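Visitor: Sequence plus the predicted model coming up.
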Amino acid sequence: MNEYRGSSPSMASHVGGRPDQRFPEPAVKKAVDGQEVLVSIVATVNVTRRQGKIRYVNPVQRGRPSDIEGHSEVVLRAKRIEGEPIREYPLRVDLYSELQPDSDREGLVSAVLPLNPDTRSIELLIAGHVVDVFRVGGSLPEIRRAQRLVANDEKEIRIELELERVMQEGDTYSVQISTDNGRSWQTVGIGLKEPVFSMDRRQFREGVELQVRIIATNGLASSLVATEAFRV
């Protein structure tokens, strides 16, 4: 089920959409003591009802941190494992364009934030109330290998992951593909947790060789954990 209303249908689904250019390079980075880590965070919010959900947390290799608002009803707050606050980030809400005058104020919060490597949870606050908490950090999820499944439906390409352990809270993985022998990569899935990932094979021309790589993350660090090549 896809609950995300922005431009990325694969963000909330285990089925991949059309390839795009988000994170064309692997954001493989490990947190270093004392060194802030740039992290991309996306949340959906209903300011009127004081409801929201942190949808996606992933480190980025490079980029400019988002502007922090002087005052906003919506705040992201980073905390240490003991629950001690580290920093608050008041952020702008981009309201959905199709809202009617009497609609709830629903929208998207999308920001790149510099987080302390000691961060273990991110709270989403609306009007001072905590409406969601996202756990980050800990050991990186281990994926032993990825293999292509033979699908009964010729419309799909399915990739199955062999996991060292069950994905824990805060663990996700992204899927990227290359059609030019690894010279460039396109992202087809972000924030995934299920061990099986599907792509629509009709978006690729017959006979093209695809390379697939999996990037696992715990929210603060990420690593390239598996690759596979096969012909469509």
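Guide: Thanks, I have the structure now.
Visitor: Please make it C-alpha for all contacts and neighbour counts, starting now.
Guide: Noted.
Visitor: Could you list the low-confidence segments of the protein?
Guide: Filtered on pLDDT under 70, the chain yields the residue ranges 1-34, 149-154.
Visitor: my guess is residue 162 contacts residue 141, does it?
Guide: No - the pair residue 162 / residue 141 is not scored as a contact, 11.2 Å apart, by C-alpha atoms under 8 Å.
Visitor: I'd guessed residue 141 sits against residue 171; true?
Guide: Yes - at 6.2 Å, residue 141 and residue 171 qualify as touching, with contact defined as C-alpha under 8 Å.
Visitor: I'd say residue 226 and residue 144 touch.
Guide: Yes - counting by C-alpha under 8 Å, residue 226 does reach residue 144; the two are 7.3 Å apart.
Visitor: Comparing these two, which residue is more hemmed in?
Guide: Legend: neighbour count by other C-alpha atoms under 10 Å for residue 226 and residue 144, higher for residue 226 (19 against 12).
Visitor: who does the one helix or strand that one maps to touch, helix- and strand-wise?
Guide: Per DSSP states H and E, residue 226 falls inside strand 222-231. Judged by 3 or more C-alpha pairs under 8 Å, 6 or more residues apart in numbering; DSSP states H and E, strand 222-231 is in contact with strand 143-149, strand 209-217.
Visitor: if we go to 6 Å?
Guide: Here strand 222-231 touches strand 209-217, going by 3 or more C-alpha pairs under 6 Å, 6 or more residues apart in numbering; DSSP states H and E.
Visitor: The strand it packs on: partners in the sheet, and parallel or antiparallel?
Guide: Strand 209-217 has its sheet partners listed here by DSSP bridges as strand 172-178 (antiparallel), strand 222-231 (antiparallel).
Visitor: Could I have the CA atoms of the last one written out in CSV?
Guide: In CSV, the C-alpha atoms belonging to strand 222-231 read as follows (Å, rounded to 0.1, in the frame of the first residue of the first chain):
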residue,chain,number,x,y,z
SER,A,222,24.9,3.0,5.1
SER,A,223,26.8,0.3,3.2
LEU,A,224,26.7,-1.4,-0.2
VAL,A,225,25.8,-4.9,0.7
ALA,A,226,24.9,-6.9,-2.4
THR,A,227,25.1,-6.8,-6.2
GLU,A,228,23.7,-8.9,-9.0
ALA,A,229,23.7,-8.8,-12.8
PHE,A,230,21.2,-10.5,-15.2
ARG,A,231,19.7,-10.1,-18.6
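Visitor: Other residues contacting it?
Guide: 28-29, 145, 207-216 (C-alpha atoms under 6 Å, 6 or more residues apart in numbering).
Visitor: A PyMOL selection for those residues, restricted to the buried ones, would help me check which they are.
Guide: Buried residues within the contacts of strand 222-231, by 16 or more other C-alpha atoms under 10 Å, are selected in PyMOL with:
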select buried, resi 28+29+209+210+211+212+213+214+215+216
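Visitor: of all the contacts of strand 222-231, which two lie farthest apart?
Guide: 29 and 207 (34.0 Å; C-alpha to C-alpha).
Visitor: Tell me who's in contact with the closest residue to residue 193 other than its chain neighbours.
Guide: Once flanking residues are discounted, residue 193 sits nearest to residue 172: 5.2 Å by C-alpha to C-alpha, 6 or more residues apart in numbering. Residue 172 makes contacts with 191-193, 217, as judged by C-alpha under 6 Å, 6+ apart.
Visitor: Now intersect those residues with the strands, please.
Guide: If you go by DSSP state E, the contacts of residue 172 have 191-192, 217 in strands.
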